[in-house]
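J.: Next one to model:
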Amino acid sequence: MKSIEVRPLRPSDSLDELTALLHRAFGPLGRLGLPCTCVGQSVEVTRQRARRGQCYVAVDGDRLLGTMTLEGPDSSSDCATYRRSTVASLHQFAVDPMAQGLGCGEAMLRFAQRRARELGYCTLALDTPSRAAHLLAFYQSQGFRRVAEFRKAGKPYWSTVLCKTVGATRRPSTLWFSPHRMLSLRAFRAEALAASPALRIHAA
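T.: This next block holds a predicted model:
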């Protein structure tokens, strides 16, 4: 392995490949009787979940190693921690089984902590099935602490929420951006300008 690069998901990246990676990474949990959404989600569900925040991938050259989506507060979340204005959270966090133990997960967590801090959040949170002892041990080895348990809607198991302080509290920036939203916005602008040459649409 040459080096691990963590970067934003690009419109040219394959969501089919990303979904297959999620299936491989979460398959062992499914076989333990923990049917996380990532175990068998469709490509469209991967797309929808990636759009909720900022989706990143870990790569080694052109080889996909891992992925994660960083989200801001969600007032409708089943998890009270995720509803707090000072908390950013990680979702669809996965490392390909063939790349596990090589530092990919640690690199992604370091990146996520730095990004959350840059955006003004003081805490980074994530969750994992409470029965997944190996995952709890990994996150705790990276400085995350257990703070709560909750039951996700439609899931037959409890999840443990873990948090890590990443910076001092200040007004958080929005986490609305994703490459797919930018593509949609550009297409909207092009269509609007074609329909009315006098119309001018400015970037936010």
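J.: What backbone torsions are found at Gln92?
T.: phi 50, psi 40 (degrees, to the nearest 10).
J.: That one touches Leu22, doesn't it?
T.: Yes: assessed by C-beta atoms under 8 Å, Gln92 is found in contact with Leu22 at 6.5 Å. (C-beta placed from N, C-alpha, C; glycine too.)
J.: who has more neighbours, these two?
T.: The residue with more neighbours, out of Gln92 and Leu22, is Gln92; 28 against 25, by other C-beta atoms under 10 Å.
J.: Show me the common contact partners of Gln92 and Leu22, please.
T.: By C-beta atoms under 8 Å, 6 or more residues apart in numbering, Gln92 and Leu22 have these common neighbours: Cys38, Thr46, Thr67.
J.: Ranking by neighbours, what's the top pick from the residues you listed?
T.: Within the shared contacts of Gln92 and Leu22, most neighbours by other C-beta under 10 Å means Thr67, with 28 neighbours.
J.: Am I right that that residue is in contact with Gln54?
T.: No: the criterion here is C-beta under 8 Å, and Thr67 misses it with Gln54 at 11.5 Å.
J.: Common neighbours of those two, please.
T.: Between them, Thr67 and Gln54 share no contacting residue under C-beta under 8 Å, 6+ apart.
J.: Asp13 reaches Val57, doesn't it?
T.: Yes: with contact defined as C-beta under 8 Å, Asp13 and Val57 form a contacting pair (6.4 Å).
J.: okay, the two: which has more neighbours?
T.: The residue with more neighbours, out of Asp13 and Val57, is Val57; 21 against 18, by other C-beta under 10 Å.
J.: so that one bridges to which residues?
T.: Beta-bridge pairing of Val57 under DSSP bridges involves Arg7, Thr67.
J.: With Ser89 instead?
T.: Beta bridges link Ser89 to Glu71, Ala125 when assigned by DSSP bridges.
J.: what separates it from Leu32, distance-wise?
T.: Using C-beta to C-beta, to the nearest Å, we find Ser89 at a distance of 23 Å from Leu32.
J.: Could you pull up phi and psi at the spatially most central residue of the chain?
T.: Nearest to the mean C-alpha position of the chain, by C-alpha atoms, centre = their mean, lies Thr69 at 1.5 Å. Phi and psi for Thr69, reported as degrees, to the nearest 10, are phi -120, psi 120.
J.: Against Ala137, how distant is it?
T.: Taking C-beta to C-beta as the measure, Thr69 falls 23 Å from Ala137.
J.: what does Arg49 give?
T.: Between Arg49 and Ala137 the computed distance is 26 Å (C-beta to C-beta).
J.: Same check on Glu149?
T.: From Glu149 to Ala137 the distance is 16 Å (C-beta to C-beta).
J.: Just want to know which of these two has more residues nearby.
T.: Glu149 (12 against 9).
J.: mind checking the SS state of that one?
T.: Put simply, Glu149 is strand when judged by DSSP: H, G, I helix; E, B strand; the rest coil.
J.: can you tell me which residues contact the spatially closest residue to it that is not a sequence neighbour?
T.: Excluding its sequence neighbours, the residue lying closest to Glu149 (C-beta to C-beta, 6 or more residues apart in numbering) is Trp158, at 5.0 Å. Contacts here follow C-beta under 8 Å, 6+ apart; on that basis Trp158 touches Pro129, Ser130, Glu149, Phe150, Arg151.
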